[in-house]
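**Q** Prediction below, plus the sequence it came from.
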Amino acid sequence: MSTTTSHSPEPEGPPEGPSRPARLIQNEATTEIPVHLLFRDDPDPSPVPLRTAVVARRQGTGEQPRLRRPVPAKARPVPELDPDLTERPARVLPGAAGVFAGVSGVAGCLAASWWAGVLPSLAVEALRLPAYAGAGVGPAQWAAYAGAGALGLVGFGGLARGTTGRAWVLGLFGRYRGTVRRTGLLWINPLVLRRRVDVRLRHWRSEPMPAADGNGVALRVVVLVVWRVRDTARAALGVEDHESYLRECVEAALARVPVEMPGASKGAVEVATDALTRMVVADAAPVGLEVFSVQPVRVEYAPEVAAAMHRRRIAALDAQQRATVLSSVVDSVEDTVTRLTMRGLVELDDYERKVLVRDLTVAFCSGRAEAAP
């Protein structure tokens with residue numbers, strides 16, 4: 001028998017010369033690749049940027065697959081408001097200045113009436129003014145009336161009472177003019193538009209909101225939100241209603257975070273609470289709201305799945321009770337048979353042992369069933 005070794009056909013011709021074709025690498029799973037291309041030097045050493053991609057493994061080359069680098073998820077865009085819309089203190093005066101201006105206006109009106117001679121005699125005697133016939137009501141008297149009346153209106157009309165826990169957001173001709181957090185009697189320009197904002201620490205208990213647990217079962221959740229207004233300008237002017245906006249933020253967070261039913265592990269409940277709080281804090285911060293905690297206070301199944309989940313819970317409790325009873329019966333039978341055998345009271349073969357175990361199991365199970373209410 002002769003052994004024949006097959007070789008790849010080589011081109012005929014002299015070993016060296018320009019007409020000699022390039023040596024090739026052949027494989028049944030690859031294409032022909034010229035050898036000189038594998039070791040060719042790149043004349044341009046400048047790096048060429050390449051995109052990372054998944055390349056499948058080619059048969060016969062020994063090349064390992066290269067995995068695509070994970071692309072980080074894009075963060076949700078944070079709503080941007082006017083950068084100039086930031087709380088700043090407004091210019092106000094003490095209330096004494098407004099009272100003084102109002103009293104001065106009233107005194108000016110009385111003086112103008114005395115000057116015109118239209119002040120009643122009783123008022124003249126009460127004010128102890130000198131007798132004067134009066135020059136009549138003319139342009140000068142009307143000008144005095146207008147000036148004194150305007151001073152009185154501005155003085156008394158600008159008086160405001162600042163209270164603890166509430167602030168005034170001021171606007172003039174559609175432009176934000178500042179926030180007043182001072183308390184007591186104040187004088188504020190009567191031409192500005194005032195908007196009162198509650199800046200106290202507030203607790204909001206929501207109505208039942210839709211949610212889901214880790215398995216996707218529909219729930220109804222009531223949450224307690226502890227929050228307050230941090231930036232009155234953004235809360236009052238950045239959104240139409242900051243309380244409605246906070247409610248929508250809580251609903252959006254409940255749609256993204258699974259909530260556990262009561263009785264779950266303490267760690268799972270804390271994780272859900274922390275996730276809810278972080279999401280609501282991130283959504284409410286751009287509009288000037290400071291959220292401290294979002295805690296589920298009541299969790300129940302949705303009406304459409306409540307009956308089915310109740311039956312499932314009862315079945316699980318029943319199965320758990322049956323498993324407990326069976327384990328107790330098996331332990332009792334084992335202990336009884338072991339004691340009888342070790343003390344030499346009976347000698348049992350395999351068949352007799354099986355019969356005894358069966359009878360004891362039936363007896364113990366019957367006794368447990370009768371003892372159960």
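**A** Cool, got the structure.

**Q** Low-confidence regions, the stretch 101-250 of the chain specifically.
**A** Residues of the stretch 101-250 of the chain meeting the criterion pLDDT under 70: 132-135.

**Q** what about 80?
**A** Within the stretch 101-250 of the chain, the stretches with pLDDT under 80 are 117-137.

**Q** hey, where'd the helices end up in it?
**A** With DSSP state H, counting those that start in this stretch as the definition, the stretch 101-250 of the chain shows helices at residue ranges 121-127, 139-157, 232-233, 242-256.

**Q** for the helix or strand just after the last one, packing partners?
**A** On the C-terminal side of helix 242-256, the closest following helix or strand by DSSP states H and E is helix 266-284. With contacts defined as 3 or more Cβ pairs under 8 Å, 6 or more residues apart in numbering; DSSP states H and E, helix 266-284 has these neighbours: strand 218-229, helix 242-256, strand 289-301. Quick note: C-beta positions are derived from backbone N, CA and C, even for glycine.

**Q** how distant is helix 266-284 from the center of its chain?
**A** In terms of Cα atoms, centre = their mean, to the nearest Å, the gap separating the centre of helix 266-284 from the centre of its chain is 7 Å.

**Q** Give me the angle between that helix and helix 242-256.
**A** Compare the direction of helix 266-284 with that of helix 242-256 by axes from the mean of the first three to the mean of the last three Cα atoms, to 10 degrees and you get 140 degrees.

**Q** orientation of helix 266-284 relative to strand 289-301 in degrees?
**A** 140 degrees.

**Q** what comes up buried for helix 266-284?
**A** Val269, Ala272, Thr273, Ala275, Leu276, Thr277, Met279, Val280, Val281, Asp283, Ala284 (16 or more other Cβ atoms under 10 Å).

**Q** now the residues you listed as TSV including distance to Arg202 and pLDDT?
**A** Rendered in TSV, the data for the buried residues of helix 266-284 read as follows (distance: Cβ to Cβ, whole Å; pLDDT from 0 to 100):
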residue	distance to Arg202	pLDDT
Val269	24	83
Ala272	23	89
Thr273	19	91
Ala275	22	93
Leu276	17	93
Thr277	16	94
Met279	19	94
Val280	14	95
Val281	15	95
Asp283	17	93
Ala284	13	94
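
**Q** Between these, which sits nearest Glu248?
**A** Each of those was checked against Glu248 using Cβ to Cβ; the closest is Asp283, at 8.6 Å.

**Q** distance of that closest one from Glu125?
**A** Per Cβ to Cβ, to the nearest Å, Asp283 is found 70 Å from Glu125.

**Q** Looking at the buried residues of helix 266-284, spot the one nearest Ala143.
**A** Using Cβ to Cβ, Ala284 is the member of the buried residues of helix 266-284 that lies nearest Ala143, at 54.6 Å.

**Q** Tell me who's in contact with the closest one.
**A** When contacts are counted by Cβ atoms under 8 Å, 6 or more residues apart in numbering, Ala284 is found next to Trp227, Tyr245, Leu246, Cys249, Glu290, Val291.

**Q** Buried only: go through these for me.
**A** For these, a neighbour count by 16+ other Cβ under 10 Å gives the buried set as Trp227, Tyr245, Leu246, Cys249, Val291.

**Q** Surely the third one touches Ala285?
**A** In this case it means Leu246. No: with contact defined as Cβ atoms under 8 Å, Leu246 does not count as touching Ala285 (11.3 Å).

**Q** For the chain, which segments count as strands?
**A** If you assign secondary structure with DSSP state E, the strands in the chain sit at 24-27, 30-34, 93-94, 159-162, 166-172, 175-180, 184-187, 193-198, 202-205, 209-212, 218-229, 289-301.

**Q** what's the fifth one packed up against?
**A** Right, the one you point to is strand 166-172. Contacts defined by 3+ Cβ pairs under 8 Å, 6+ apart place strand 166-172 against strand 175-180, strand 193-198, helix 232-233.

**Q** And the contacts of the last one?
**A** Helix 232-233 is contacted by residues Leu85, Thr86, Glu87, Arg88, Ala167, Val169, Tyr176, Thr179, Val197, Val199, Gly288 when judged by Cβ under 8 Å, 6+ apart.
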